[in-house]
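Q: Pasting the sequence and the predicted coordinates here, then a few questions.
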Number of protein chains: 2
Amino acid sequence: MNAPGLRERKKQKTRWSIQEHALRLFAEQGYEATTVEQIAAAAEVSPSTFFRYFPSKEDVVVQDEYDPVLAAALAAAPPGLGALATLRHAVLAGFQSFPPGALEKVVERGRLALSVPALRARTVDNMATTVDLIAAPLARRAGRPPDDPAYRVLAGACLGAMTVAIFEWLGEAPKGAGPGERIDAALAAVEAGFSGM
Amino acid sequence: MNAPGLRERKKQKTRWSIQEHALRLFAEQGYEATTVEQIAAAAEVSPSTFFRYFPSKEDVVVQDEYDPVLAAALAAAPPGLGALATLRHAVLAGFQSFPPGALEKVVERGRLALSVPALRARTVDNMATTVDLIAAPLARRAGRPPDDPAYRVLAGACLGAMTVAIFEWLGEAPKGAGPGERIDAALAAVEAGFSGM
DNA sequence: TACCTTCTGGGAGTTACTCTCATTTTAGAG
DNA sequence: CTCTAAAATGAGAGTAACTCCCAGAAGGTA
């Protein structure tokens, strides 16, 4: 019944406008040198409205769009695989569900998040909260309680490896392997117990 | 020649006083409800002085005392071991160099850092910056360049596993295995490639 | 048209943090 | 002990992120 009404469309537009202007200003002047007031002025809203759309200045950059994707991919992974194989399968599937053009934006935001300490902290912390998201379904598949410490440790190790792989990729010139392959290689190394190192 | 002079001793005392009063107030009223002004007043210094000793309110709680310990232990580890075995050895040695009474304070600060989002983010981010610290000496031992991506991924995986193990330990009642054993078990699982899971 | 809900803007207030400058305190030399 | 240079402190003003509150505008409905 709901073709989203004018109200909803306007809100979407406002949100998008705030974010676009913010990222542009961050790129031009740097994150800390850009004030919320400037962003609000550029997006033609009041500072009050800015904080209604984003609870903090950091949230304009940092947001978890990948968690639901990963959760869905984990749920859809074929049965009968080990925990690490399941995760590898899900991560690859999740990456393939991404439109190819979206990568540039991800890279830009990622680089920003990497270079500004406050943003990096938030980003890494988000990953830490993803531990449950990964550990619970993997444990369930194995017939273990969803908060099984062993599976949480496994999830932590995989997230740590993936985080480093992504940061490594972001820190490079855009040649060489894409993020999907990097992450898969990292998980493969975990699966092998880093044998030979 | 240097029995630390009066000046240095006084500074140490001031620093300690600020931190003690801060942690007490945080425990009594909560982190966010405690203002820097209150801490400064309790420690009988001016707010200016507070910021001379701690660059931010967060830094009163979050600080890296373990990195140098771990670095030293890594340097002192016996040669001939694989990367993961070296790390396990170093971590255990590092823990054993801790006075046993220090644990309670670590636990208190750890619980605080775990429950306040801003502190948790800082804590986790600190761990992320430890990747180099671990990866470089391990890579060198293997005759690889210190920024070898494979060793950075290994370090990331180990840090992820250790972080989860510590958080798991902090979240529990103080029964059961201590932090050293937890971390060692986590690293053992990594070394085994989480076989059987 | 009239009404109700939701969104917006503006203003006042709090707090973390920075910078500057005058004053005090300490260390060491004569 | 005294004088001087260096270091530490305190006080004040200023900025920016955020919060709360309230009045008015815009969207949806009868």
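A: All right, it came through fine.

Q: Distance-wise, check A:Pro78 relative to chain B.
A: 17 Å (CB to the nearest CB, to the nearest Å). To be clear about C-beta, it is placed using only N, CA and C from the backbone, and glycine gets the same treatment.

Q: isn't that residue right up against A:Ala93?
A: No. Contact criterion CB atoms under 8 Å: A:Pro78 and A:Ala93 do not qualify, at 10.2 Å.

Q: which of those two has more neighbours?
A: Legend: neighbour count by other CB atoms under 10 Å in any protein chain shown for A:Pro78 and A:Ala93, higher for A:Ala93 (17 against 8).

Q: Would you mind listing where chain A has pLDDT under the threshold?
A: Scanning chain A for pLDDT under 70 picks out the ranges A:1-4.

Q: just the helices in it please.
A: Counting by DSSP state H, chain A has helices at residues A:6-29, A:36-42, A:47-53, A:66-76, A:83-96, A:102-115, A:117-141, A:149-170, A:179-191.

Q: hmm, the fourth one touching chain B?
A: Looking back up the chat, that one is helix A:66-76. No. Using CB under 8 Å from any CB of the partner chain, helix A:66-76 stays clear of chain B, with a minimum separation of 14.8 Å.

Q: that older thread, quick one: closest of the helices of chain A to DNA strand C.
A: Checking the helices of chain A against DNA strand C by CB to the nearest atom of the strand gives helix A:47-53 as the closest, at 3.2 Å.

Q: Now do stretch A:163-176: distance to the chain's middle.
A: 14 Å (CA atoms, centre = their mean, to the nearest Å).

Q: ditto for stretch A:6-21
A: Put simply, stretch A:6-21 sits 21 Å off its chain's centre (CA atoms, centre = their mean).

Q: which residues touch it?
A: The contact list for stretch A:6-21, computed with CB atoms under 8 Å, 6 or more residues apart in numbering or on different chains, reads A:4, A:39-40, A:42-45, A:49-50, A:53-54, A:60.

Q: From those, list just the buried residues.
A: Neighbour-count burial (16 or more other CB atoms under 10 Å in any protein chain shown) applied to these gives A:39-40, A:42-43, A:45, A:50, A:53-54, A:60.

Q: export the contacts of stretch A:6-21 to TSV and tack on distance to A:Leu70?
A: Compiled in TSV, these are given as follows (distance: CB to CB, whole Å):
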residue	distance to A:Leu70
A:Pro4	27
A:Ile39	30
A:Ala40	33
A:Ala42	33
A:Ala43	31
A:Glu44	36
A:Val45	33
A:Thr49	32
A:Phe50	30
A:Tyr53	25
A:Phe54	23
A:Val60	22
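
Q: Which of these sits closest to A:Phe167?
A: Among the contacts of stretch A:6-21, A:Val60 lies closest to A:Phe167 (CB to CB), at 20.6 Å.

Q: The residue lying closest to that closest one once chain neighbours are set aside: what's it in contact with?
A: In this structure, A:Val60 finds its nearest non-sequential neighbour in A:Ala22, 4.5 Å apart by CB to CB, 6 or more residues apart in numbering or on different chains. Contacts for A:Ala22 were tallied using CB under 8 Å, 6+ apart; they are A:34, A:39, A:42-43, A:60-61.

Q: What is the burial count for whichever residue of chain A sits closest to chain B?
A: The nearest approach of chain A to chain B comes at A:Gly160, 2.2 Å away (CB to the nearest CB). Neighbours of A:Gly160 under the rule other CB under 10 Å: 31.

Q: could you measure the closest residue to A:Asp125 other than its chain neighbours against A:Glu65, distance?
A: What sits nearest to A:Asp125 in space, not counting adjacent residues and going by CB to CB, 6+ apart, is B:Ala121, at 3.9 Å. Relative to A:Glu65, B:Ala121 is positioned 19 Å away (criterion: CB to CB, to the nearest Å).
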